[in-house]
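Asker: from the sequence below, what's the structure:
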Amino acid sequence: MKKSLIALAVLAASGAAMAQSSVTLFGIVDATYAYGSGSVANKSQLTNSGYNASRLGFRGVEDLGGGMAASFWLEAGLNNDNGTGSVTNTNNQAATSTGGGLTFNRRSTVSLNGGFGEVRLGRDYTPQFWNLAVFDPFGTVGVGTSQTLNSSLGGPTTVRASNSIGYFLPGNLGGFYGQAQYYMGENNSNAANKKDGNGLALRAGYANGPINAAIAFSETKFLAGNIKAVNLGGSYDLGMAKIMAHYNQDKISGGNDGKGFLIGGLVPVGAGEVRLAYSTYKIDTVGADPRTNKLALGYVHNLSKRTALYATYARLSNKNGAAQALNGAVTGVNSNSNGYDFGISHSF
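Answerer: Alright, predicted model coming up:
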């Protein structure tokens, strides 16, 4: 009888502990037919991530009591058109994988949360990336992605950083939010490039009702020239449409500077949404200032909460020696390029 009571007590305690923890499998599979045209060569391909970036992830949280929790997040990029994984880097200096096996390149973090906010360790998005993503109608995915990101001189930490220590303000500050992040290149102390890949970044913003605005600063150290970035962005939800804009500037010490902006919006239409944006980015160089302008228009039709069909058209115009092209096409200096995405996105 006593053994039975003890067993029941153990099971009850175990059940209570398990109830305080959770693990979730999640992901997105997004397939895209992409076409690009240029003055030199066109390209047609079945690819991925035209509306949402394809991914597979695991996340979990454990309630530690007293208002504290521990959590983890492992998220891998997928190339579902060919079954490979996405590239990553280990030192914020260059890509050290070329795709193939599954890598948690998108995010791999462990966190401690509480009334003080969140401390997050691992590979994560950088503060300087968020304004380019949140205030872009195309969310930095697909052929419509802003030129402030596609042309950015921000280097390997423009989007993510490995070996990072991050802090996030708690979410009960009346709409104010903020993030600080320090990341390391982890080079030997006697190396000429011992500081390469080290960086510090900050972001602060305010979101309340229809308004959201934020500013971010960062500096990443490199022997060839430190990269400083500053950007700011905002959005306002009118109900019938959401307008958004951002500005981004990158400076390489002893090298080139780049700057650009985006203005765009999202317009709900029945079960779908129209997306439109104009963006531009100019690189300041000696004797020439190559500039690329992009106009993008897209429509997303939601078949359900988890499945959507989409189509996007974008047109690039190059000036002052620029020669960028869309969706893998090749175009000549000062020539134009057109790009199209047609696809389906499913989340789980």
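
Asker: and residue 247, what does it touch?
Answerer: The neighbours of residue 247, taking C-beta atoms under 8 Å, 6 or more residues apart in numbering as the test, are 148, 231, 232, 233, 259, 260, 261. From N, CA and C alone the C-beta is placed, and that goes for glycine too.

Asker: just put those residues in TSV and tack on secondary structure, neighbour count and pLDDT.
Answerer: TSV is the format used below for the contacts of residue 247 (DSSP: H, G, I helix; E, B strand; the rest coil; neighbours: other C-beta atoms under 10 Å; pLDDT from 0 to 100):
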residue	secondary structure	neighbour count	pLDDT
148	helix	29	97
231	strand	28	98
232	strand	18	98
233	strand	25	98
259	strand	20	97
260	strand	27	98
261	strand	19	98
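
Asker: and the two most separated of those residues?
Answerer: 233 and 259 (13.9 Å; C-beta to C-beta).

Asker: thinking again about what came up before, could you export the contacts of residue 247 as JSON lines, including distance to residue 117?
Answerer: Formatted as JSON lines, those follow (distance: C-beta to C-beta, whole Å):
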{"residue": "148", "distance to residue 117": "29"}
{"residue": "231", "distance to residue 117": "23"}
{"residue": "232", "distance to residue 117": "22"}
{"residue": "233", "distance to residue 117": "22"}
{"residue": "259", "distance to residue 117": "32"}
{"residue": "260", "distance to residue 117": "32"}
{"residue": "261", "distance to residue 117": "31"}
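
Asker: so how far is residue 243 from the closest residue to residue 211 other than its chain neighbours?
Answerer: Nearest residue to residue 211, sequence neighbours excluded (C-beta to C-beta, 6 or more residues apart in numbering): residue 236, at 5.9 Å. Distance of residue 236 to residue 243, computed by C-beta to C-beta, to the nearest Å: 6 Å.

Asker: contacts for the helix or strand where residue 47 lies, please.
Answerer: Per DSSP states H and E: residue 47 is located in strand 43-48. Identification of contacts with strand 43-48 by C-beta under 8 Å, 6+ apart yields 30-36, 54, 78-81, 327-330.

Asker: send me that strand as PDB with only the CA atoms.
Answerer: Output of strand 43-48 as PDB, limited to C-alpha atoms (Å, rounded to 0.1, in the frame of the first residue of the first chain):
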ATOM      1  CA  LYS A  43      17.300  32.800 -65.300                       C
ATOM      2  CA  SER A  44      14.300  30.500 -64.500                       C
ATOM      3  CA  GLN A  45      14.300  28.300 -61.400                       C
ATOM      4  CA  LEU A  46      12.200  26.600 -58.800                       C
ATOM      5  CA  THR A  47      13.500  27.800 -55.500                       C
ATOM      6  CA  ASN A  48      12.200  28.600 -52.000                       C
END
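
Asker: so which bits of stretch 78-87 are buried?
Answerer: Neighbour counts using 16 or more other C-beta atoms under 10 Å place 78, 79, 80, 81, 85, 86 of stretch 78-87 among the buried residues.

Asker: could you check how far the last one is from residue 155?
Answerer: Think residue 86. 18 Å.

Asker: any low-confidence regions in the stretch 201-348 of the chain?
Answerer: By pLDDT under 70, the stretch 201-348 of the chain has no low-scoring segment.

Asker: show me where it has strands.
Answerer: 211-220, 227-237, 242-252, 257-269, 272-284, 291-302, 307-319, 336-347 (DSSP state E, counting those that start in this stretch).

Asker: how about the fourth one: buried residues?
Answerer: In this case it means strand 257-269. Of all the residues in strand 257-269, those buried under the rule 16+ other C-beta under 10 Å are 257, 258, 259, 260, 261, 262, 263, 264, 265, 266, 267.

Asker: of those residues, closest to residue 218?
Answerer: The closest of those, once distances to residue 218 are taken by C-beta to C-beta, is residue 258, at 14.1 Å.

Asker: mind listing the helices for the stretch 1-150 of the chain?
Answerer: Using DSSP state H, counting those that start in this stretch, the helices found in the stretch 1-150 of the chain span residues 2-19, 127-134, 147-150.

Asker: what's the mean pLDDT across the first one?
Answerer: When the per-residue pLDDT values of helix 2-19 are averaged, the result is 41.

Asker: and stretch 169-184, by the same measure?
Answerer: Here the average pLDDT along stretch 169-184 is 96.

Asker: mind listing what's buried along it?
Answerer: For stretch 169-184, the neighbour count (16+ other C-beta under 10 Å) marks 169, 177, 178, 179, 180, 181, 183, 184 as buried.

Asker: what comes into contact with it?
Answerer: 92, 115-118, 124, 126-127, 130, 157, 161-168, 197-208, 214, 220.

Asker: ChimeraX command to pick out the buried ones of those residues?
Answerer: Under the burial definition 16+ other C-beta under 10 Å, those of the contacts of stretch 169-184 that qualify are selected in ChimeraX by:
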select :92,117,118,124,126,127,130,157,161,162,163,164,166,168,197,198,199,201,202,203,204,205,214,220
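
Asker: first to last residue in stretch 247-266, what's the distance?
Answerer: 18 Å (C-alpha to C-alpha, to the nearest Å).
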